[in-house]
Each structure stands twice: as C-alpha cells, then as structure tokens.
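>>> Sequence first, predicted coordinates after that:
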Amino acid sequence: MQEKKIRTRFAPSPTGFMHVGNLRTALYEYLIAKNQGGDFVLRIEDTDQERQVEGAVEVIYDTLKTVGLQHDEGPDIGGPYGPYVQSERMDTYKKYAEQLVQEGKAYYCFCTKERLASLHEENTFGGYDRHCRHLPQEEIDRLLAAGTPHVIRQKMPAEGSTTFHDAVYGDISVENKELEDQVLLKSDGFPTYNFANVIDDHLMEITHVVRGSEYLSSTPKYNLLYEAYGWQIPTYVHLPLIKGRNADGTASKLSKRHGSTGFADLVKEGYLPEAIINYIALLGWCPKDNEEKMDMQGLIERFSIEGISKSPAIFDYDKLTWLNGEYLRAMTPEQFTEYAMPYYRQAFGDTEADWSVLTLILQPRVTKLSEIPGMVGFLKDLPDYPADFFVNKKSKTTLENSAPLLRESISVLRELPDWTVPSLHEALLALAQRLEVKNGTLLWPVRIAAAGQTVTPGGAMEILAILGREESLRRLELGLKKCEG
C-alpha cells in the first residue's frame, strides 16, 4: 500500500500581526511537509467575523513570503481543494452539520444567550446542561418553523473517556464527562473554530495537524467529530509553549512585557528575517547535530518531529541578537551596505559618505541593524564634548601635548592629495614617527577631535575617511581650540 503524501496546513485567523508563536507553527508545518516531500497549504480561517482586522490577510502573505515559507495551495494561488477561505465554504459546513443531526449525532439548541449566561454564573453543570438534547421532535419542528434562533450542538458521550495520541506528548486521556456538547454551527450560520477545522482538514486531506500545546485539551472534541463521520484521524503534533523571561528570573507566557513578540516588530528592531526564522526554529526543537545557524534548506534537511521538545521554550532575545550578528557578519560588504543603507540614511540624511568604509568598521561590530544610527550619529553631528576627553593615560596624552599633535596633524592632512584610509594611515603614522611619539599618542587626540567621543566603532583613519577632508579639518581645528582653552 502506497504511503499517503504528507500534507500540512497553516490556518491563521486574520486578526492582527504575526506573533512569533503563529510563525513557529507555520514554520514547523512547512518543515514537516518539505522534509518528506509533502505539501504545505495556506488556509484563511475568517469565521470569527468580529475579530477580523483590516489588512491582516496581507500581513500573513507578506510574512510568509519574507521568511521563505512558500505555500503549495492557498487563496491566492488556488489548488484542487479550494476555496481556501473559510467564509467561502459556508454551504459545506452547514451540510455536514445537518448530516450529524439527521444521524442523531447532533441536535438543534434553541437556548438564549441569557439562559446560557445564567448557567455560566451558576456553574451548576460545569458547562451546558444539554437542555435541548432531548426536546420532542414536535417542539423542534415548531421552533424551526417559527424561525427561532438556534445553534447545532454535537452529542458528546457522557461516560467513559477519550484517548488520543500526540506525536510529541504521547497518549493523553480525557474523561468524557468533562466535555460539554460542543457547538458546531452558530446561530449566524458560521461554524465554530473546532468544527470548521475538522471539516476542512478532512476535505483537504491534511495528514498532520500542528498547533500549540494549549489546544491539547480540545483534541478529544476533534477526535469525536472524526469518529462521528467515520473519518481517519490525522497525526497530531502539539508544540510547547513559548515563554519569556521575567525580571525576577521566572518565566511566563511570552507577551509584550518581555519585548517584541511580532515578526514585523522584530524586523523594525533591526533583526534579519532569516535570523528570526532560524531562531524561531530552535524554540522547542533541536537538530541531532546541535547546529544552530541554519538556512531554510538546512532546516528542511534536519527537521524531524522527534526533535520537538515537550518543555516550554524560553524566547531569549540575547540569543536572537547573537544569531542575528552571525548572519550580518556572514554577508558580503555589498550585501551589508544594502541592508544597512536605510539606517545609514537615518544618521546621514541626504549627505553622502564613503559607505564602504562605514561598512568596513560597522559590519564586525553590529548585532542589530537598528544599532547603526546610534553608533554613527557622531559622524553627522559632532557631539559637545569636554576638553578632558583628550587626556588618556594609556595613550599618554594630555591637554598640553594634544594641542601640538593636532596642529601638526592638521598641517599634514591639509596637504594630503588622496583622502582615503590607506593614505590617511600612511601620512599619520609617518607623522608619529617624525615626531618620535607612539602611534596611539598621536591618534588619540585626532580621534577625539574627529568623533567628539571616547568610544567609536572605528579608528581615527576610518572616521576621517568617512567625514571627508573639509569636515575632518573643521573638527580638528575645533579640537585644537578646545585643547588650547
């Protein structure tokens, strides 16, 4: 017998931004499918009309495209199992809900919102009290004929237990008495989340259902629906929670208080999409070779369900930052300049600079692109700095010796024909030799005057090269005046 082709689906609701938890689910579904040569399906679950956010569908498309999760079927490209938007499948849900009613496995419930609310307040039954489960047929016909608002509920077993197998957590049993008769079709004709999921997954031949471990308790409801129709139950893969580290060292479910939790926000912070997706893959999964930096092809080749952990994963922003730095350093200088240019422009505006030199000094040091404006702000505007910045024990500089060193440097640099890092390097080191001082003794006051700060991402020569001749000499003259008091 030929093995069934693996098919996974990412079925987000268009209710806002792409949370890292949603993105991890999409990634794992993609990797499970592609590792075995299967299909990855995109389905939009828009049955909760009240929670929809305008533009959220575009966010889903854009995010998947940006991180390289190309779906094989979906609303935008079609496929043999469409439509791939739940609101376009309404007739399908109604048909299958009515089928269970006709087979005596579901029933019409006419209870009002007020009655259900009072039940919830009393909490006598721990859920719905199955009031409408045994209504006489004549009463049901009368209410339907009168157009009385109603839902369709599934008849859940009142005794025994339901056991299901999860690929990560193993066998899990739930007492049936804990399961209330779940609503399949709401009074507005829209299906509930659980019901639509089961119908669509079956009709689209989904073999593996991947979702967060918070859905473990809902799985028996899914299984009882599959059994009611006599359908094959898919493989369940429940993923561990993603938690954030609190200030006191404890961990809790990842939220905004821990930092950015959305893909777009992380990109705005200066993280690369490929670094984000690489890091998210490691939140609850570990490859057998313990490799940490992997491109998409590397993830596909290494991924296995067996590597998924049951334990909650901690979203470590420091680890993400480290990994992001590794990606930045692996770029060619040209690639880094292209990615960094929007941040260069934040600092320089329309002013042109020697971007290649800027990249030369920044690429080894930057871990997030958003660090760039803060690191190079001094190049656009000279900070107001105190004269004692020129005093440095290690370089053996004082206000007294800094002034003549700057004066000599200005004299040499003013005559320099070629304003490049190699020429600046050669001229200043030759000057230090002629003045019989150490290189550091000469270069410290030059760097302070050029940068106006004691810590810079590059040395004196690189800073001068980026600033250009005119601005460099202007700053050195100002530095000279500071030294002379």
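Structure received. Numbering: from 1, shown residues only.
>>> mind listing what the nearest residue to Leu100 once chain neighbours are set aside touches?
Leaving aside its sequence neighbours, Leu100 sits nearest to Ala106 (C-beta to C-beta, 6 or more residues apart in numbering; 3.7 Å). Where C-beta positions appear, they are placed from N, C-alpha and C, glycine not excepted. Contact partners of Ala106, counting by C-beta atoms under 8 Å, 6 or more residues apart in numbering, are 97, 100, 152-155, 184, 228.
>>> taking these one by one, which sit in helices?
Per DSSP state H, helices hold the following members of these: 97, 100, 228.
>>> neighbours around Leu216, how many?
Residues within reach of Leu216, counting by other C-beta atoms under 10 Å, total 17.
>>> Adjust the sequence numbering to begin at 494 for everything that follows.
OK, 494 is where the count begins now, so the last one is Leu709.
>>> Show the backbone phi and psi for Glu566.
The phi/psi pair for Glu566 (degrees, to the nearest 10) reads phi -140, psi 150.
>>> And the nearest residue to it once chain neighbours are set aside, how far from Val691?
Of all residues beyond its chain neighbours, the one nearest Glu566 is Gly572 (2.9 Å), with distances taken as C-beta to C-beta, 6+ apart. From Gly572 across to Val691, the span is 19 Å (C-beta to C-beta, to the nearest Å).
>>> taking the mean pLDDT, what do you get for the helix or strand containing Leu717?
Following DSSP states H and E, one finds Leu717 within helix 712-722. The average pLDDT within helix 712-722 is 95.
>>> Against which helices or strands is it packed?
helix 583-595, strand 644-647, strand 654-659, helix 686-696 (3 or more C-beta pairs under 8 Å, 6 or more residues apart in numbering; DSSP states H and E).
>>> Would you indicate which residues of the third one are buried?
Which is strand 654-659. For strand 654-659, burial by neighbour count (16 or more other C-beta atoms under 10 Å) applies to 655, 657, 659.
>>> if we look at that strand, which residues are touching it?
So strand 654-659 is contacted by 664-669, 672, 709, 712-713, 716-717, 726, 729-731 (C-beta under 8 Å, 6+ apart).
>>> from the residues you listed, which would you call buried?
Applying 16+ other C-beta under 10 Å to those flags 665, 667, 672, 709, 712-713, 716-717, 726, 729-731 as buried.
>>> right, and the secondary structure at the nearest residue to Ser706 once chain neighbours are set aside would be what?
Leaving out its chain neighbours, the residue that sits closest to Ser706 by C-beta to C-beta, 6+ apart is His731, at 4.6 Å. The three-state assignment at His731 reads strand, by DSSP: H, G, I helix; E, B strand; the rest coil.
>>> so where's the stretch 544-693 of the chain uncertain?
615-619 (pLDDT under 70).
>>> Would you map the strands across it?
With DSSP state E, counting those that start in this stretch as the criterion, the stretch 544-693 of the chain has strands at 599-602, 644-647, 654-659, 663-668, 676-678.
>>> Could you point out which of the ones you listed sits nearest Leu862?
Across the strands of the stretch 544-693 of the chain, Leu862 has its closest neighbour in strand 654-659 (39.4 Å, C-beta to C-beta).
>>> Domains in this structure, by residue range?
Following automatic domain parsing, one finds the domains of the chain at 582-732, 736-822, 826-873, 880-977.
>>> and the first one, how far apart are its ends?
Right, the one you point to is domain 582-732. Domain 582-732 stretches 28 Å from its first residue to its last (C-alpha to C-alpha, to the nearest Å).
>>> Tell me who's in contact with Thr890.
Each residue near Thr890 by C-beta under 8 Å, 6+ apart is listed here: 883-884, 898, 934, 937-938.
>>> what's the nearest residue to it once chain neighbours are set aside in contact with, if anything?
Nearest residue to Thr890 in three dimensions, chain neighbours excluded: Trp937, at 4.9 Å (C-beta to C-beta, 6+ apart). Each residue near Trp937 by C-beta under 8 Å, 6+ apart is listed here: 883, 885, 888, 890, 895.
>>> make it 6 Å
885, 888, 890 (C-beta atoms under 6 Å, 6 or more residues apart in numbering).
>>> and it, which of the three is it?
helix.
>>> and the gap between it and Leu898?
From Trp937 to Leu898 the distance is 9 Å (C-beta to C-beta).
>>> And for Lys746?
Relative to Leu898, and taking C-beta to C-beta, Lys746 is found at 58 Å.
>>> more neighbours, the two?
Leu898 (24 against 12).
>>> My guess is the more buried one contacts Leu935. True?
Yes. Assessed by C-beta atoms under 6 Å, Leu898 is found in contact with Leu935 at 5.4 Å.
>>> follow-up on the earlier one: dump the strands of the stretch 544-693 of the chain to a markdown table, plus distance to Glu538.
Formatted as a markdown table, the strands of the stretch 544-693 of the chain follow (distance: least, C-beta to C-beta, whole Å):
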| stretch | distance to Glu538 |
| --- | --- |
| strand 599-602 | 21 |
| strand 644-647 | 19 |
| strand 654-659 | 21 |
| strand 663-668 | 24 |
| strand 676-678 | 15 |
